[in-house]
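Engineer: Okay, structure incoming, though there's no sequence with it:
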């Protein structure tokens, strides 16, 4: 796609020129390796619906939400109206989305904004998935449609202040008492944990195993403080939660969550989504760099005519193509039921690393304009730092893959 430079306006008095407005948000659909060539018409239609939402409703306003660190509840409600919150999770009464279609959707939403994409990942990929995968029929009936519609908000509380990557060692406890359970502990970095709604809390039961419990955020003893001062994902609220002897009834227990292996099943289902999200944010940075190079004039010519700029764009496209081919291949394996944990970890490892590299080059190519929110690279550049960390850090993914390579576990 070729863009043209907006003519510079003459400053009153005839001295100097005003800087043109750069249009950097138009989709380019880079896919030189044909990674997405096999997408069906339905999968493409799903992607197109999300792209329209991103272009028309997210991009015009997201910089303000991000800068103010304000939760865009109106956009979240709108996503529910448009059935864009499920992150591919099957819910009765809603059309099924294939794994590949869900991946394209995650990519497209992330191309718009990392915070908005994380809302989908938390609401649909984690909270809704936990209930639909591990919940009772009654729990599915109670929460499935409201979470899918966005009329209720959901959170997934696993990470603790002293147990991030080492989540299997979580210390939050759920004591069995007459009529239910009392939960005590702390959780940190919990998306949607302070917005009102329901939180899937992972706690160790009397049997020593990790179980999941549905905890209303207005329950006595549930105290959630929105974490402030973030430089990444500023348009989603993440909470530090204190659970002070919170009572939940017996029917709050997710019956399918019998050990941490079941928690891991939910996480494994979302790991490829994080890789797709990295592809989306990297695509946004690449698009902005290409468009800027065709509009920005320096030394009497557009940057795109520079050999150095063309080499950098090629480097970015090379990395992006590798990422696209990786998520496409891994998702096809997942559709066949053949995807392994190390393969999912390798996809996340590869794509978040590649996205950071692309974002860094794009930020540099835009020069001083690269740090302005309106040119979108800076926002993605910052948000990728969170994406690179959550759902398992780079080091944890490397240890999972390394164990598969060598046969030795290096976690301890």
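Structural biologist: Arrived safely. From a predicted model like this one, the values you see are computed outputs, not experimental measurements.
Engineer: Just give the closest residue to the spatially most central residue of the chain, not the sequence neighbours.
Structural biologist: Centroid-nearest residue in the chain, with CA atoms, centre = their mean: residue 118, separated by 3.6 Å. Leaving aside its sequence neighbours, residue 118 sits nearest to residue 236 (CB to CB, 6 or more residues apart in numbering; 5.1 Å). Every C-beta, even on glycine, is put in place using the N, C-alpha and C of the backbone.
Engineer: what's the pLDDT at the one you found?
Structural biologist: Predicted confidence (pLDDT) for residue 236: 96.
Engineer: which SSE is the residue nearest to the centre of the chain in?
Structural biologist: Assigned by DSSP states H and E, residue 118 falls within helix 114-120.
Engineer: For that helix, the averaged confidence score.
Structural biologist: On average, the pLDDT along helix 114-120 is 96.
Engineer: Run through the neighbouring helices and strands of that helix.
Structural biologist: The contact analysis (3 or more CB pairs under 8 Å, 6 or more residues apart in numbering; DSSP states H and E) places helix 114-120 against helix 62-68, helix 73-81, helix 99-112, helix 260-295, helix 377-389.
Engineer: shaky segments in the chain?
Structural biologist: Counting by pLDDT under 70, the ranges of the chain that qualify are 1-16, 164-167.
Engineer: how about the strands in it?
Structural biologist: Under the criterion DSSP state E, the chain contains strands at 154-157, 173-177, 180-191, 198-204, 210-216, 222-226, 238-249, 297-298, 301-302.
Engineer: Take these and write them to TSV, including distance to residue 99 and mean neighbour count.
Structural biologist: As requested, these are arranged in TSV below (distance: least, CB to CB, whole Å; neighbours: other CB atoms under 10 Å):
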stretch	distance to residue 99	mean neighbour count
strand 154-157	20	29
strand 173-177	33	16
strand 180-191	22	21
strand 198-204	22	26
strand 210-216	23	23
strand 222-226	32	17
strand 238-249	27	19
strand 297-298	44	12
strand 301-302	41	14
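Engineer: Can I get those in CSV including distance to residue 256?
Structural biologist: As requested, those are exported to CSV (distance: least, CB to CB, whole Å):
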stretch, distance to residue 256
strand 154-157, 15
strand 173-177, 16
strand 180-191, 16
strand 198-204, 12
strand 210-216, 8
strand 222-226, 23
strand 238-249, 17
strand 297-298, 59
strand 301-302, 57
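Engineer: So for residue 18, which of the ones you listed sits nearest?
Structural biologist: Closest to residue 18 of the strands of the chain, according to CB to CB: strand 297-298, at 12.8 Å.
Engineer: Parallel or antiparallel, list what pairs with the closest one.
Structural biologist: If you go by DSSP bridges, strand 297-298 pairs up with strand 301-302 (antiparallel).
Engineer: quick check: domain ranges of this structure?
Structural biologist: Taking automatic domain parsing as the criterion, the chain consists of the domains 41-149, 154-259, 261-406.
Engineer: For residue 33, which of these is the nearest?
Structural biologist: domain 261-406 (4.4 Å).
Engineer: circling back: please report how far the residue nearest to the centre of the chain lies from residue 295.
Structural biologist: 30 Å (CB to CB, to the nearest Å).
Engineer: do residue 370 as well
Structural biologist: 14 Å.
Engineer: What of residue 398?
Structural biologist: Between residue 398 and residue 295 the distance is 39 Å, computed by CB to CB.
Engineer: more neighbours, those two?
Structural biologist: Ranked by neighbour count (other CB atoms under 10 Å), residue 398 and residue 295 place residue 295 first, with 19 against 16.
Engineer: I'd say that one and residue 288 touch.
Structural biologist: No: counting by CB atoms under 8 Å, residue 295 stays clear of residue 288, with 10.5 Å between them.
Engineer: List the residues that contact residue 348.
Structural biologist: The contact partners of residue 348, taken as CB atoms under 8 Å, 6 or more residues apart in numbering, are 271, 272, 274, 275, 278, 391, 392, 397.
Engineer: for residue 249, that is, sorry about that
Structural biologist: 179, 180.
Engineer: Residue 400: neighbouring residues, count only.
Structural biologist: For residue 400, the neighbour count with other CB under 10 Å is 22.
Engineer: So for residue 310, what's the nearest residue that isn't a sequence neighbour?
Structural biologist: Nearest non-adjacent residue to residue 310, counting by CB to CB, 6+ apart: residue 304, 7.2 Å away.
Engineer: For that neighbour, give its distance to residue 52.
Structural biologist: 28 Å.
Engineer: Please identify which of these two sits among more neighbours.
Structural biologist: residue 304 (17 against 12).
Engineer: Correct me if wrong: that one contacts residue 298.
Structural biologist: No: with contact defined as CB under 8 Å, residue 304 does not count as touching residue 298 (10.8 Å).
Engineer: what's the residue nearest to residue 118 sitting at in phi/psi?
Structural biologist: Backbone torsions of residue 236, given as degrees, to the nearest 10, read phi -130, psi 140.
Engineer: and it, what does it touch?
Structural biologist: Contacts of residue 236 (CB under 8 Å, 6+ apart): 71, 115, 116, 118, 119, 122, 191, 192.
Engineer: Could you export the residues you listed as TSV, including distance to residue 171?
Structural biologist: Listed next are these as TSV, based on distance: CB to CB, whole Å:
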residue	distance to residue 171
71	29
115	29
116	32
118	25
119	28
122	22
191	21
192	22
